[in-house]
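**Q** Sequence and computational prediction follow.
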Amino acid sequence: MKNNILLTGGVRSGKSSKAEQLAKENGGKVLFVATAEAGDEDMICRIKNHQKSRPLAWHTLESSLKIGQAILHKKENYDVIVIDCLTMLTNNVIGQVIVRYGEGVEEELVENMLREELQSIVQAMCELDSQFIIVTNEVGLGIVPDNRLGRLYRDLLGRANQFIANAVETVIFMISGCELYVKKPSV
């Protein structure tokens, strides 16, 4: 039985490093799915640093949207698929909707588009024999954002995390580089 994993936690808690470690430990052919977009110089630098940390043998798929479909279209067999991260995917969905419909868009429309993204990831998890390791941030532990868009983002990411946590066998909360198992596979 494969063990799909959701890694969550705060910024710089060790989520991505843990995902890379788990993928290396699994061995075999790895696909790394990067959801970040290089929107400014800082992000370009961050992306380059992430790229340097990955083994050269890993395959990379850069896809900011429709990642489940993009994974299924690869038509290759991977032992492990790392998705880093749901946080940026949620941001990308919100950004796409705002570009299309403006900032006053209804939350339900954005949530439906995000749900489609998440369902396509779960579909890929079901159709492929690969182990999925999915990285996300936990943003609901701080203060309530002072603007509508911030609250929308926090709420949607929280729901996205719950949706994926329900679909995987293991959930690990990372804090200060240490792991706390929130959900373990049923025996």
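**A** All right, it came through fine.
**Q** Run through this protein and note the low-pLDDT ranges.
**A** Across the chain, the ranges flagged by pLDDT under 70 are 1, 187.
**Q** Now do the same contact list for residue 2.
**A** By C-beta atoms under 8 Å, 6 or more residues apart in numbering, the contact list for residue 2 reads 129-131, 169. (Glycine included, C-beta is placed from N, CA and C.)
**Q** 10 Å instead, please
**A** By C-beta atoms under 10 Å, 6 or more residues apart in numbering, the residues touching residue 2 are 26, 79-80, 125, 128-132, 168-169, 185.
**Q** what's the answer for residue 76, then?
**A** Contact analysis of residue 76 by C-beta under 10 Å, 6+ apart lists 29, 31, 59, 128, 130.
**Q** Which of the residues you listed lies at the shortest distance from residue 177?
**A** Of all the contacts of residue 76, residue 31 has the smallest distance to residue 177: 25.1 Å, by C-beta to C-beta.
**Q** Quick check: phi and psi on the closest one?
**A** phi -110, psi 120 (degrees, to the nearest 10).
**Q** How about the one 3 residues further on?
**A** Listed backbone geometry of residue 34 is phi -100, psi 120, with angles given as degrees, to the nearest 10.
**Q** how far away is it from residue 114?
**A** 18 Å (C-beta to C-beta, to the nearest Å).
**Q** again, but for residue 11
**A** Residue 11 is 21 Å from residue 114, by C-beta to C-beta.
**Q** Which stretches in the chain count as helices?
**A** 15-26, 41-53, 67-73, 86-101, 107-127, 148-167 (DSSP state H).
**Q** for the fourth one, packing partners?
**A** So the one you mean is helix 86-101. Judged by 3 or more C-beta pairs under 10 Å, 6 or more residues apart in numbering; DSSP states H and E, the packing partners of helix 86-101 are strand 5-9, helix 67-73, helix 107-127, strand 131-135, helix 148-167.
**Q** Try it again at 6 Å.
**A** Taking 3 or more C-beta pairs under 6 Å, 6 or more residues apart in numbering; DSSP states H and E as contact, the helices and strands that helix 86-101 lies on are helix 107-127, helix 148-167.
**Q** Just the C-alpha atoms of the first one, please, in PDB.
**A** So the one you mean is helix 107-127. Taking C-alpha atoms only, helix 107-127 is exported to PDB below (Å, rounded to 0.1, in the frame of the first residue of the first chain):
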ATOM      1  CA  GLU A 107     -15.800  33.400  -2.500                       C
ATOM      2  CA  GLU A 108     -17.800  30.500  -3.900                       C
ATOM      3  CA  LEU A 109     -16.400  30.900  -7.400                       C
ATOM      4  CA  VAL A 110     -12.800  30.900  -6.100                       C
ATOM      5  CA  GLU A 111     -13.500  27.900  -3.900                       C
ATOM      6  CA  ASN A 112     -15.100  26.000  -6.800                       C
ATOM      7  CA  MET A 113     -12.000  26.600  -9.000                       C
ATOM      8  CA  LEU A 114      -9.700  25.600  -6.100                       C
ATOM      9  CA  ARG A 115     -11.800  22.400  -5.500                       C
ATOM     10  CA  GLU A 116     -11.400  21.500  -9.100                       C
ATOM     11  CA  GLU A 117      -7.600  21.800  -8.800                       C
ATOM     12  CA  LEU A 118      -7.600  19.700  -5.600                       C
ATOM     13  CA  GLN A 119      -9.900  17.000  -7.100                       C
ATOM     14  CA  SER A 120      -7.500  16.700 -10.100                       C
ATOM     15  CA  ILE A 121      -4.600  16.100  -7.700                       C
ATOM     16  CA  VAL A 122      -6.600  13.400  -5.800                       C
ATOM     17  CA  GLN A 123      -7.600  11.900  -9.200                       C
ATOM     18  CA  ALA A 124      -3.900  11.600 -10.100                       C
ATOM     19  CA  MET A 125      -3.200  10.100  -6.700                       C
ATOM     20  CA  CYS A 126      -5.900   7.400  -7.400                       C
ATOM     21  CA  GLU A 127      -4.800   6.700 -10.900                       C
END
